[in-house]
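Asks: Just to be clear, the model below is a prediction. Sequence and coordinates:
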Amino acid sequence: MSAVTRFLAVSDFLRSYLTVGIFAGVAIALVAGILGLGSLIRPTRPQASKYVNYESGVDPVGVGWSQAEIRYYIFALLFVLFDVEAVFIFPWATRLEAYGTFGAVEMGIFIGILALGLLYAWRKGVLRWL
Amino acid sequence: MLSVELAYWQQTLLRTVGVLAAVLLPAGALVQLFLFKAVSFMQSRLGPMEAGPHGSLQLFAEVGKWIQKEDIVPDRADARLFKLAPYLVVGTVLLVYLAIPFGPDAVFADLEGGIFYALAASSVSVIGVLIAGWASANKYSLLGGLRAAGQLIAYELPLVLAVMGVVIQAGTLNLQRIVTAQADGSIFGFGAIGLPFAITQIVGFVVFLIAMQAELTQTPFDMPVAESELVTGFMTEYSGMRFLLFFIGEFAAVGALSAVAATLFLGGWYFPGLDHDANYMNVLGPIILLAKILLLSFVVFWVRFTYPRFREDQLQKFAWTVLIPISLLNIVGTMILKVAF
């Protein structure tokens, strides 16, 4: 069996995800096409002052990558926690009918523990702007 | 069911044309109808009137203007990343549309984990925004990019958790089957309008709409581009076609998330009284879905032009202490009702 026929014989499941790859290609072609169209039409008159960073009309002070305080890093940590929780809930949610009361109690405990975690963070005062 | 058999390359060609229409048509319609006209009427003015009858060709005039703008990449900017960012922002919108069904056979890809995929794809645009903010080497851009990242991770959670109620009710992640579950459903034995999940999942629907507004960085959640504080945030250094691409990305994303919301909560391409297996739904479906997209996007723009901007700390507090607990309670409530009945 040649590589081409083997490729064409992929299951429908994988084939539906092949569309993701094709669409990514379409997206790149679309953006490149729009930018290419612009480059055919637009003028080019380079002047040094055009390529200076914008800083309210005055010459920029220092470098652009200035220090910025990231005040919400604890939110980011909490986000990871809850996002993983969401990943666990999704497959369970599709099968709840089969699990019945057992599944409901299990997930009730799981969500309860996580809600306690959120409550702890809240009481600890990290959900404020630090 | 559709009787015509198409070769794979023919299907792919159709899908490509379809997705370009699905991205550009709602985006253009939103800008022309809502950004140019609806907002003007809300503010007691006429808006653009010169290009075409009642300014109906204004959109084309704008594109014509942008296309003639010079291409400027600041000297200090990280040029490669600077140019990469628009690809990510526009590309993710295309990839979100991939999962959305437009009719019984009019689907781009019938993904088993459809809604999961759509939510995952939509959150990739944050990376584009962060790259744009960083690569510009501009203080406003950097602050805007960081604000956007903070906001998008905070509202990603309510968005995902609000969907969970729908998944529990429909018992599937496949968007096509979520639509048919709503079409086949009934309200206490009354099945004439099916069961749009907006009725049973009203809490989830409202949380989803609020989180959507924040994910799209529309006012009252537009701190990343707050023009009175940060010029235009992460887009400050972008001009000409690259700016236009961010603009297209922004409005196409409004259309894409509205399409996700319409599919999850308003019955998607189905309209009560029609046969959801019939062949004509492949033609009617996209029109019905577009109408629902415009309806939900109108709500987005209505809110955008009505409310003032939140403060950054209020934004974070609202997500973590109001929306997330409510959506967790919504999951538990849906779960108990599902098991009890």
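Replies: Okay, I see it. None of these values were measured; they are calculated from a predicted model.
Asks: Secondary structure element for the residue nearest to the spatial centre of chain A, which one?
Replies: In chain A, the C-alpha nearest the mean C-alpha coordinate belongs to residue A:83, at 11.4 Å (C-alpha atoms, centre = their mean). If you go by DSSP states H and E, residue A:83 is part of helix A:73-94.
Asks: try residue B:244
Replies: helix B:240-265.
Asks: and the closest residue to residue B:306 other than its chain neighbours, what does it touch?
Replies: Nearest-residue entry for residue B:306: residue B:42, 7.6 Å, with adjacent residues in sequence omitted and distances by C-beta to C-beta, 6 or more residues apart in numbering or on different chains. For glycine as for every other residue, the C-beta is placed from the backbone atoms N, C-alpha and C. Neighbour list for residue B:42: B:302, B:305-306 [criterion: C-beta atoms under 8 Å, 6 or more residues apart in numbering or on different chains].
Asks: Now residue B:31. Nearest residue, chain neighbours left out?
Replies: Spatially, and ignoring its direct neighbours in sequence, residue B:31 is nearest to residue B:251 (5.5 Å; C-beta to C-beta, 6+ apart).
Asks: Tell me how many other residues crowd the one you found.
Replies: Residues near residue B:251, counting by other C-beta atoms under 10 Å in any protein chain shown, number 24.
Asks: Mind pulling up the pLDDT for it?
Replies: Looking at residue B:251, its pLDDT reads 88.
Asks: try the one 4 residues further on
Replies: Among the per-residue scores, residue B:255 shows a pLDDT of 89.
Asks: just checking, it touches residue B:24?
Replies: No - using C-beta atoms under 8 Å, residue B:255 is not in contact with residue B:24; the gap is 9.4 Å.
Asks: residue ranges for the helices of chain A, please.
Replies: Ranges of helices within chain A are A:3-8, A:12-41, A:73-94, A:96-124, based on DSSP state H.
Asks: List of residues touching the third one?
Replies: Spelled out, that is helix A:73-94. A:99, A:103, A:107, A:110-111, A:114, A:117-118, A:121, A:126-127, A:130, B:116, B:150, B:153-154, B:156-157, B:160-161, B:164, B:167-168, B:171-173, B:316, B:320, B:324, B:331.
Asks: can you rerun that using 6 Å?
Replies: By C-beta atoms under 6 Å, 6 or more residues apart in numbering or on different chains, the surrounding residues in contact with helix A:73-94 are A:107, A:114, A:126, B:116, B:153, B:157, B:160, B:164, B:167-168, B:171-173.
Asks: pLDDT wise, what is residue B:330 at?
Replies: What the model reports as pLDDT for residue B:330 is 90.
Asks: Can you tell me the closest non-neighbouring residue to it?
Replies: Spatial nearest neighbour of residue B:330, chain neighbours left out: residue B:203 (4.6 Å); criterion: C-beta to C-beta, 6+ apart.
Asks: what's downstream of the strand or helix carrying the one you found, the next helix or strand?
Replies: Assessed by DSSP H and E, residue B:203 sits inside helix B:202-215. Remark: after helix B:202-215, the chain's next helix or strand is helix B:227-230, criterion DSSP H and E.
Asks: And that following helix, what's buried?
Replies: Neighbour counts over helix B:227-230 (16 or more other C-beta atoms under 10 Å in any protein chain shown) mark residue B:230 as buried.
Asks: Tell me if that helix is near chain A.
Replies: No - using C-beta under 6 Å from any C-beta of the partner chain, helix B:227-230 never reaches chain A; the gap is at least 10.9 Å.
Asks: So for that helix, mean pLDDT?
Replies: On average, the pLDDT along helix B:227-230 is 74.
Asks: Kindly report the same for stretch B:136-151.
Replies: When pLDDT is averaged along stretch B:136-151, the result is 83.
Asks: got the contact list for that stretch?
Replies: The contact list for stretch B:136-151 (C-beta under 6 Å, 6+ apart) reads A:53, A:64, A:66, A:68, A:72, B:76-77, B:129-130, B:133-134, B:223-224, B:230-231, B:233-234, B:236-237.
Asks: which ones are touching the spatially most central residue of chain B?
Replies: Nearest to the geometric centre of chain B sits residue B:257, at 2.2 Å (C-alpha atoms, centre = their mean). Going by C-beta under 6 Å, 6+ apart, residue B:257 touches residue B:212.
Asks: ok, residue B:161 - how many residues close by?
Replies: Using other C-beta under 10 Å, the number of residues around residue B:161 comes to 26.
Asks: And the contacts of the helix or strand hosting residue B:328?
Replies: Using DSSP H and E, residue B:328 sits within helix B:324-340. Helix B:324-340 is contacted from outside by A:96, A:101, A:104, A:111, A:115, B:157-158, B:161-162, B:164-165, B:168, B:203-204, B:207, using C-beta under 6 Å, 6+ apart.
Asks: Now a PyMOL select for only the buried ones of these.
Replies: Buried residues within the contacts of helix B:324-340, by 16+ other C-beta under 10 Å, are selected in PyMOL with:
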select buried, (chain A and resi 96+104+111) or (chain B and resi 157+158+161+162+164+165+168+203+204+207)
